[in-house]
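Peer 1: Structure for this input, please:
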Amino acid sequence: MESEPKDPREAKKVICELIDDLEEELLHVSHAIHENPELGYEEFQAHEILTSSLISHGLKTEKSAYGIETAFEAKAGSSGPVIAVLCEYDALPEIGHACGHNVIAAAGLGAGLALSQLAESLNGQVRVIGTPAEEGGGGKVRMIRKGAFEGVDAALMIHPAGSEVERITSLAIEQMKISYTGRAAHAAAAPEKGLNALDAAVLGYMNVATLRQHIAPDERIHGIFTDGPVKANIVPQHAGADWYVRSPTRAGLESLKSRVIACLEAGAKAAGCDMEISFSEFPYDDVVDNRALLNAYISNAQEIGRDPRPETETAIVGSTDMGNVSYEVPAIHPMIKIAPEEIAIHTPTFAEYARGPMGDKGVIDGAKALAMTVVDCWTSPTILPEVCEEFEELEGVRARRTNTP
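Peer 2: Numbers count the residues shown, from 1 in each chain. The predicted structure follows:
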């Protein structure tokens with residue numbers, strides 16, 4: 001650049017101008033990803049589109065980063081605080097980008113490209129990290145275990161929604177697969193010789209249904225039968241079920257999970273059957289948004305005409321592997337409005353908005369708000385110390401670091 005700004009306000013102005021100059025490219029990226037929805041760990045085209053853009057702008061870019069074929073990492077800057085801007089780009093089965101990950105990807109790309117132009121002059125470093133398979137595949141969890149966030153001072157991303165909200169009302173989640181084994185018998189000739197695996201599954205389901213009236217209002221348990229009998233005159237030897245258990249915190253999840261397991265085990269014991277549980281390899285933690293970092297984002301969002309509201313006014317509830325990141329490094333996950341409030345995410349209608357004018361505006365505004373917040377982290381003498389102090393006081397951070405595989 002001919003003139004590299006040193007003043008933070010001037011730097012933010014330049015950042016916004018750079019993103020405006022990138023608008024055509026960023027919207028092309030968003031639309032291309034939207035038009036070819038790819039499931040978790042299959043985001044080959046999105047990976048190529050995003051990394052090609054980063055490389056063309058001169059960023060040092062690693063494809064298939066951290067041993068994951070559709071992950072990537074791009075870097076700019078040689079010294080100073082390291083801030084990660086995260087991209088998501090996987091889609092949902094049948095309903096495509098109904099979570100708007102094309103917007104997340106393009107906004108993260110735009111922020112990273114603009115920041116790369118000022119990193120040296122502002123004495124900062126930016127990493128654009130492509131995180132696949134958020135929709136249940138635990139891409140960020142795998143990347144954490146591979147060291148993707150080592151040396152990172154803070155991590156930021158935006159997520160589209162029907163409301164402008166400071167943060168997601170997140171729930172930690174554990175997924176469990178249950179397998180029941182009984183003993184087959186002729187249901188008419190010798191039913192007394194059988195042990196009914198379906199009974200074990202049904203009794204466990206009923207126990208959990210009874211438990212639901214005694215859990216907290218913000219906790220969730222939901223399950224389905226996945227494997228059952230094939231003929232009514234045979235005592236079922238096998239049955240299966242999938243269960244999701246959610247709670248606002250990881251600690252609360254562990255407590256609730258043990259109660260659910262007790263219900264399921266009681267059903268198996270009553271039916272005289274064996275029960276095996278396999279847990280998800282990648283449980284999701286709750287998102288702990290760093291308030292000092294979030295306040296900086298809110299201020300910058302307001303500067304460009306956005307007005308993020310407290311989640312107490314408009315709650316958007318869900319689970320995301322960004323929660324796991326927030327226990328590793330200070331992080332934020334604000335929601336940016338790209339659709340009317342009555343349009344819920346994970347619906348076909350929301351997918352349409354993610355490709356429409358409101359989605360396009362979310363790409364550009366999201367890129368600006370993220371990039372401006374990174375400028376604050378690089379230049380403010382107080383923000384990062386406050387961010388780090390708050391993070392170190394977060395309950396469970398040291399324990400989670402110690403116990404992470």
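Peer 1: need the strands for the stretch 1-150 of the chain, in chain order.
Peer 2: Listed in chain order, the strands of the stretch 1-150 of the chain (DSSP state E, counting those that start in this stretch) span 60-63, 72-76, 82-87, 125-130.
Peer 1: will you turn those into CSV that also has distance to Gly204, mean pLDDT and mean neighbour count?
Peer 2: Bear in mind the C-beta positions are built from the backbone N, C-alpha and C, glycine included. Listed next are these as CSV, based on distance: least, Cβ to Cβ, whole Å; pLDDT from 0 to 100; neighbours: other Cβ atoms under 10 Å:
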stretch, distance to Gly204, mean pLDDT, mean neighbour count
strand 60-63, 45, 98, 16
strand 72-76, 42, 98, 24
strand 82-87, 38, 98, 27
strand 125-130, 40, 98, 26
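Peer 1: and Tyr297, which of the ones you listed is closest to it?
Peer 2: Nearest of the strands of the stretch 1-150 of the chain to Tyr297, taken as Cβ to Cβ: strand 82-87 at 11.9 Å.
Peer 1: other SSEs contacting that closest one?
Peer 2: helix 101-116, strand 125-130, strand 154-156, helix 357-379 (3 or more Cβ pairs under 8 Å, 6 or more residues apart in numbering; DSSP states H and E).
Peer 1: Tell me which strands it pairs with, and in which orientation.
Peer 2: strand 125-130 (parallel), strand 154-156 (parallel) (DSSP bridges).
Peer 1: any residues touching the last one, and which ones?
Peer 2: Under the criterion Cβ atoms under 8 Å, 6 or more residues apart in numbering, residues 81, 83-86, 111, 129, 149, 290, 293, 297, 325-326, 329-332, 370, 373-374, 377, 384, 387 lie in contact with strand 154-156.
Peer 1: picking that back up, a markdown table for the strands of the stretch 1-150 of the chain, including distance to Ile338?
Peer 2: Shown next, in a markdown table, are those (distance: least, Cβ to Cβ, whole Å):
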| stretch | distance to Ile338 |
| --- | --- |
| strand 60-63 | 27 |
| strand 72-76 | 24 |
| strand 82-87 | 16 |
| strand 125-130 | 21 |
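Peer 1: Please enumerate the helices of the chain.
Peer 2: Assigned by DSSP state H, the chain shows helices spanning 8-21, 23-35, 44-56, 101-116, 139-145, 197-211, 250-271, 291-303, 322-326, 348-354, 357-379, 383-392, 397-403.
Peer 1: mean pLDDT for those helices: which is lowest?
Peer 2: In terms of mean pLDDT, the lowest-scoring of these is helix 397-403 (a mean of 49).
Peer 1: Could I get the buried residue list for stretch 43-62?
Peer 2: For stretch 43-62, the neighbour count (16 or more other Cβ atoms under 10 Å) marks Glu43, Gln45, Ala46, His47, Ile49, Leu50, Thr51, Ser53, Leu54, His57, Leu59, Thr61 as buried.
Peer 1: Could you count how many residues lie near Glu201?
Peer 2: Quick fix: residue 201 reads Ala, not Glu. When neighbours are counted by other Cβ atoms under 10 Å, Ala201 registers 30.
Peer 1: Can you verify my assumption that it contacts Ala239?
Peer 2: Yes - taking Cβ atoms under 8 Å as the definition, Ala201 is a contact partner of Ala239 at 4.2 Å.
Peer 1: any shared contact partners between those two?
Peer 2: Common neighbours of Ala201 and Ala239, using Cβ under 8 Å, 6+ apart, are Tyr180, Phe225, Gly228.
Peer 1: Among those residues, which one sits closest to Gly267?
Peer 2: Tyr180 (8.5 Å).
Peer 1: Please report how far that closest one lies from Asn233.
Peer 2: Per Cβ to Cβ, to the nearest Å, Tyr180 is found 19 Å from Asn233.
Peer 1: contacting residues around the residue positioned nearest the centre of the chain?
Peer 2: Central residue of the chain (Cα atoms, centre = their mean): Thr320, 3.1 Å from the mean position. Contact partners of Thr320, counting by Cβ under 8 Å, 6+ apart, are Glu134, His159, Ile168, Ser170, Tyr284, Val287, His333.
Peer 1: again, but for Ile277
Peer 2: Met176, Lys177, Ile178, Ser179, Ile261, Leu264.
Peer 1: In ChimeraX, select just the buried ones from these.
Peer 2: For the buried members of these, the matching ChimeraX selection, counting by 16+ other Cβ under 10 Å, is:
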select :176,178,179,261,264
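Peer 1: Out of the contacts of Ile277, which two are the most distant from each other?
Peer 2: Most distant of the contacts of Ile277, by Cβ to Cβ, are Ser179 and Ile261, 13.6 Å apart.
Peer 1: Residue ranges of each domain in this structure, please.
Peer 2: As given by automatic domain parsing, the domain ranges for the chain are 8-168+286-403, 172-279.
Peer 1: Give me whichever of the ones you listed is most buried.
Peer 2: The highest mean neighbour count among the domains of the chain, using mean count of other Cβ atoms under 10 Å, belongs to domain 8-168+286-403: a mean of 21.
Peer 1: if we can go back for a sec, for the strands paired with strand 82-87, give me a markdown table that also has distance to Gly100.
Peer 2: Shown next, in a markdown table, are these (distance: least, Cβ to Cβ, whole Å):
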| stretch | distance to Gly100 |
| --- | --- |
| strand 125-130 | 16 |
| strand 154-156 | 17 |
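Peer 1: Test my guess that Glu88 contacts Asn102.
Peer 2: No - checked against Cβ under 8 Å, the pair Glu88 and Asn102 is beyond contact range at 9.2 Å.
Peer 1: Spit out the residues that contact the two alike.
Peer 2: Shared contacts of Glu88 and Asn102 (Cβ under 8 Å, 6+ apart): none.
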